[in-house]
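> Sequence first, predicted model second:
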Amino acid sequence: MTTESKAMPKIRRTVTISKDVYDWIQEQIKERKFKDVSHAIDYSLYHLKQELEKQKT
């Protein structure tokens, strides 16, 4: 799964998520859909951003 260019700089932040979302992410990692929690969050937010930008037009 890729999002934006691998050359994009990353910014380290701390986030709080619900346990059910965390558990779902862990399951997706076990199924090798994401490499880690950061990847899952980055992927999800990137796709949400794309969707919201589409709605603006």
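Yep, it's here.

> Could you report the pLDDT at the closest residue in space to residue 25 that isn't next to it in sequence?
Nearest non-adjacent residue to residue 25, counting by Cβ to Cβ, 6 or more residues apart in numbering: residue 40, 4.5 Å away. Quick note: C-beta positions are derived from backbone N, CA and C, even for glycine. Note on residue 40: pLDDT of 97.

> Report the buried residues of the longest helix anywhere in the chain.
Secondary structure of the chain per DSSP state H: the longest helix is helix 37-56. Within helix 37-56, the residues scored as buried using 16 or more other Cβ atoms under 10 Å are 37, 39, 40, 41, 42, 43.

> Including distance to residue 22, could the residues you listed go into a markdown table?
Below are these laid out as a markdown table (distance: Cβ to Cβ, whole Å):
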| residue | distance to residue 22 |
| --- | --- |
| 37 | 8 |
| 39 | 14 |
| 40 | 10 |
| 41 | 10 |
| 42 | 15 |
| 43 | 15 |
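
> which regions of this structure lie under the pLDDT threshold?
Residue ranges of the chain with pLDDT under 70: 1-6.

> go again using 80 as the cut-off
1-7 (pLDDT under 80).
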